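Visitor: how would this look folded up:
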Amino acid sequence: MNDNTLSRRELLRMGGLTVVGATFLAACGKQANVPESANIASVGVVPPTTGLPAVEVTDAVLMRTAASLEYNAIETYELVLSSGLLTGDYAKLSDAVKRFRDDHTRHADAVNSLAVQLGGKTVTCGNARIQSLYIDPAIELITASGNPDAGVDVISLAHGLENLATQTYQGVVGLLSTSQLRAAAMRIGADEARHAVVLAQVLNPGYGAVGPTTNETTGKANVASVPMAFGSQASVQISIGAPNAEGAKTTVAMETPSLNSLVYDYVSC
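Guide: Have a look, this model is predicted:
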């Protein structure tokens with residue numbers, strides 16, 4: 001056919017051939033003394049699956065999730081301090097890192113206390129999904145041999161985590177059911193934002209780095225102290241690791257916790 005279309009007769013003929021072919025293959029595939037499987041088009045025996053417990057996104061779950069993010073930050077800062085990644089000009093940031101770690105410890109205690117008041121249990125470990133999706137791969141890139149920028153990269157990771165925490169608290173404000181919980185989330189979120197501002201000025205110092213700007217060479221956004229409007233839930237992107245042949249680093253995009261990374265009642269450390 002010149003117009004690449006199929007007539008009704010040709011479609012029926014092709015359909016008939018398909019049915020005949022499928023029947024032939026099915027007959028050839030049967031073996032003697034092998035019981036029929038209840039599974040369609042499967043090989044072997046499919047193991048039974050266990051469904052997840054029934055869950056509900058409650059105030060306690062949101063507070064427990066916030067506590068887990070605080071421990072992500074605590075554990076990351078402790079790794080930074082113990083691993084010797086802060087070298088050269090960045091070594092003088094040790095005191096600031098200790099201060100930020102201690103702030104996150106206080107935040108974790110505060111939101112855990114609220115979770116207990118709401119009938120939940122305390123969380124004393126990092127969010128496993130956030131850790132495996134973002135932090136562990138980032139640490140691997142930062143500490144890989146051949147990366148000349150480990151010092152600045154670990155500050156970039158810390159900056160990203162502070163922004164992630166800020167956005168998480170911003171996001172839960174509209175979900176929490178009482179003014180007390182909303183006020184606590186706003187206070188702690190503001191602290192995380194202040195941490196992010198300090199780290200942004202380390203990465204890109206000066207008055208010109210306060211607001212959003214674009215790198216003329218790469219076309220990407222520069223690190224800014226106030227990168228976006230309050231309330232944005234856009235992904236937090238950091239560039240880390242050894243540069244490739246074109247001089248570009250690996251971009252890691254971090255998202256705030258979603259339904260599959262909330263710390264529900266049945267989740268424990």
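Visitor: From here on, just use CA atoms for contacts and neighbour counts.
Guide: Will do.
Visitor: Report the contact partners of residue 266.
Guide: By C-alpha atoms under 8 Å, 6 or more residues apart in numbering, the contact list for residue 266 reads residue 53.
Visitor: Report the separation between it and residue 61.
Guide: 10 Å (C-alpha to C-alpha, to the nearest Å).
Visitor: now swap in residue 172 and tell me
Guide: Taking C-alpha to C-alpha, one finds residue 172 at 11 Å from residue 61.
Visitor: For the two, indicate the residue with more neighbours.
Guide: residue 61 (23 against 18; other C-alpha atoms under 10 Å).
Visitor: What strand or helix carries that one?
Guide: Residue 61 belongs to helix 59-83 when assigned by DSSP states H and E.
Visitor: Averaged pLDDT, that helix. What do you get?
Guide: The average pLDDT within helix 59-83 is 96.
Visitor: Stretch 254-262 too?
Guide: Here the average pLDDT along stretch 254-262 is 90.
Visitor: Show residues contacting that stretch.
Guide: 61-62, 65, 127-130, 134, 160, 164-165, 167-168, 233-237.
Visitor: Low-confidence stretches in this structure?
Guide: Scanning the chain for pLDDT under 70 picks out 1-46, 50-52, 228-232.
Visitor: if we go to 80?
Guide: Counting by pLDDT under 80, the chain shows low-confidence ranges at 1-55, 208, 212, 217-220, 226-234.
Visitor: Run through the strands of it in chain order.
Guide: 236-240, 250-254 (DSSP state E).
Visitor: Next, the buried residues of the last one.
Guide: To tie it back to what came earlier, the one meant is strand 250-254. Residues of strand 250-254 classed as buried: 252, 254 (neighbour count, 16 or more other C-alpha atoms under 10 Å).
Visitor: Hey, what's the angle from that strand to strand 236-240? Just curious.
Guide: For strand 250-254 against strand 236-240, the angle by axes from the mean of the first three to the mean of the last three C-alpha atoms, to 10 degrees is 150 degrees.
Visitor: Could the C-alpha coordinates of strand 250-254 be exported in CSV?
Guide: Extracted C-alpha coordinates of strand 250-254, given in CSV (Å, rounded to 0.1, in the frame of the first residue of the first chain):
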residue,chain,number,x,y,z
THR,A,250,27.4,15.5,38.9
THR,A,251,24.0,17.0,39.8
VAL,A,252,22.1,15.5,42.6
ALA,A,253,18.4,16.5,42.9
MET,A,254,16.9,16.1,46.4
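Visitor: got the contact list for residue 238?
Guide: Counting by C-alpha under 8 Å, 6+ apart, residue 238 has contacts 156, 157, 160, 251, 252, 253.
Visitor: do that again at 10 Å, thanks
Guide: By C-alpha atoms under 10 Å, 6 or more residues apart in numbering, the contact set of residue 238 is 138, 153, 156-161, 223, 249-254.
Visitor: And the contacts of stretch 254-262, which of them are buried?
Guide: 61-62, 65, 127-128, 130, 134, 160, 164-165, 167-168, 233, 236-237.
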